[in-house]
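1. Okay, here's the prediction I keep looking at, along with the sequence it came from:
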Amino acid sequence: MRTDKMLQSHDFHQYLFHSDSALMAGRRVVVFPSSAELGPVLAHLVTSRAEKAIASHGRFTLGLSGGSLVSMLSKELLTLPELDCSKWVVGFCDERLVSFDDPESTYGLYKNQLFSKVNIPDSGILTIDPSLPVSECAEDYTRKLKEAFPDDDIPVFDLLLLGMGPDGHTCSLFPDHPLLEETKKIVAPISDSPKPPPQRVTMTLPVVNSACCVAFVSTGGSKAPILKEVLEGREGPAFPAARVVPTNGELFWLVDDPAAASLTIQVERPGSGAKL
Ligand SMILES: O=C1O[C@H](COP(=O)(O)O)[C@@H](O)[C@H](O)[C@H]1O
């Protein structure tokens, strides 16, 4: 009989992203010893989703987040020998209203670390126009998303990659902020972000929860207290990250041991005794 120790990394990839029974299991919290083990699985998630999406509808729509995700994702994707992004359409789950050469610009970071090194066509990168006032910028980005998803009332991304701040925010949806209740707009402006810079545009929960697949990536001990609250519940209003529950899609939480340190729920631990 096969033991957990015999479950090699490749097998785990196969199991995690190709097993129908696994994918129907609802939210999946998968814990890795460190981001070094998490990174390749994240890259595999992206490429396996891309392959599936392109085979089914000719393109792969990916929503990216900023923060710590940028360098991890870029580094991991660039290690793949035959990465073909020619059919990718990439948007931003949120973006800071700063010029593209500002170190706070999520697009600017991805441009330097990833887009300039892979073959995503320029027309496949949906950016904000940071020269616009924040409300107009949100309208302009809304228009770009609607044009990119002409058949959808609400854009349905194949995959959204999300981060979570230590306050439980995701995208630029912050705790107790009125934007959490937005039901009409697919993109909203925010001028009072508690995390600088204050002006941003963000996808709203209806778009996030319409995606085919959503994957949070959360690493480091600073995320441990909030990860426990988000995944194990607390009294009172749910944190923004806890309100991400795709209606018809899958939900992954890919976390490392330091971030998972306080969890008591059952998690999957590839290759280290979890029942996979
Ligand atoms: O401000 C932001 O923060 C979140 C979380 O970032 P992290 O560095 O704590 O991982 C990020 O997902 C979001 O895109 C960004 O605008």
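-> Nice, thanks for sending it over.
2. what's the helix or strand hosting residue 139 packed up against?
-> Assigned by DSSP states H and E, residue 139 belongs to helix 134-148. Counting contacts by 3 or more Cβ pairs under 8 Å, 6 or more residues apart in numbering; DSSP states H and E, helix 134-148 is packed against strand 88-92, strand 187-190, strand 200-203. Placement of C-beta: from N, CA and C, glycine included.
3. for these, which one sits closest to residue 114?
-> Smallest distance to residue 114 across those (Cβ to Cβ): 9.3 Å, for strand 88-92.
4. circling back: please enumerate residues in contact with the helix holding residue 139?
-> 61, 89, 91, 95, 97, 126-130, 132, 155, 185-191, 199-201, 207 (Cβ atoms under 8 Å, 6 or more residues apart in numbering).
5. let's see it at 7 Å
-> 89, 91, 97, 126, 128-130, 132, 155, 185-189, 191, 199, 201 (Cβ atoms under 7 Å, 6 or more residues apart in numbering).
6. Next one: residue 253 relative to the ligand, how far apart?
-> 13 Å (Cβ to the nearest ligand atom, to the nearest Å).
7. cool, residue 243 as well?
-> 14 Å.
8. Hmm, that residue is touching residue 205, no?
-> Yes: when contacts are counted by Cβ atoms under 7 Å, residue 243 is listed as touching residue 205 (5.9 Å).
9. Mutual contacts of those two, please.
-> With Cβ under 7 Å, 6+ apart as the test, residue 243 and residue 205 both reach residue 180.
10. Who has more neighbours out of the two?
-> More neighbours surround residue 205 than the other of residue 243 and residue 205, with 21 against 16 (other Cβ atoms under 10 Å).
11. about what we covered before: now the helix or strand following the helix holding residue 139: how far from the chain's centre is it?
-> Downstream of helix 134-148, the first helix or strand assigned by DSSP H and E is strand 159-162. Strand 159-162 has its C-alpha centroid displaced from the chain centroid by 2 Å (Cα atoms, centre = their mean, to the nearest Å).
12. Check which helices and strands strand 159-162 is in contact with.
-> strand 60-64, strand 213-218 (3 or more Cβ pairs under 7 Å, 6 or more residues apart in numbering; DSSP states H and E).
13. Mean pLDDT and mean neighbour count for those - can I get that in TSV?
-> Putting those into TSV (pLDDT from 0 to 100; neighbours: other Cβ atoms under 10 Å) gives the following:
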stretch	mean pLDDT	mean neighbour count
strand 60-64	98	25
strand 213-218	98	24
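14. Phi, psi for residue 252 please.
-> Main-chain torsions, residue 252, degrees, to the nearest 10: phi -110, psi 140.
15. Which residue is the nearest non-sequential neighbour of it?
-> Once flanking residues are discounted, residue 252 sits nearest to residue 215: 4.2 Å by Cβ to Cβ, 6 or more residues apart in numbering.
16. contacting residues around the one you found?
-> 45, 159, 161, 252, 254.
17. how does it look with 6 Å?
-> 45, 161, 252 (Cβ atoms under 6 Å, 6 or more residues apart in numbering).
18. Any stretches of the stretch 151-276 of the chain with poor pLDDT?
-> 234-236, 271-276 (pLDDT under 70).
19. Show me what from it comes close to the ligand.
-> 162-165, 170, 172, 195 (Cβ under 6 Å from any ligand atom).
20. are any of the residues you listed buried, and which?
-> Buried by 16 or more other Cβ atoms under 10 Å: 162-165, 170, 172, out of those.
21. Of the helices and strands packed on helix 134-148, flag the one that's most buried.
-> The highest mean neighbour count among the helices and strands packed on helix 134-148, using mean count of other Cβ atoms under 10 Å, belongs to strand 200-203: a mean of 29.
22. Which elements pack onto that strand?
-> strand 94-96, helix 134-148, strand 187-190 (3 or more Cβ pairs under 6 Å, 6 or more residues apart in numbering; DSSP states H and E).
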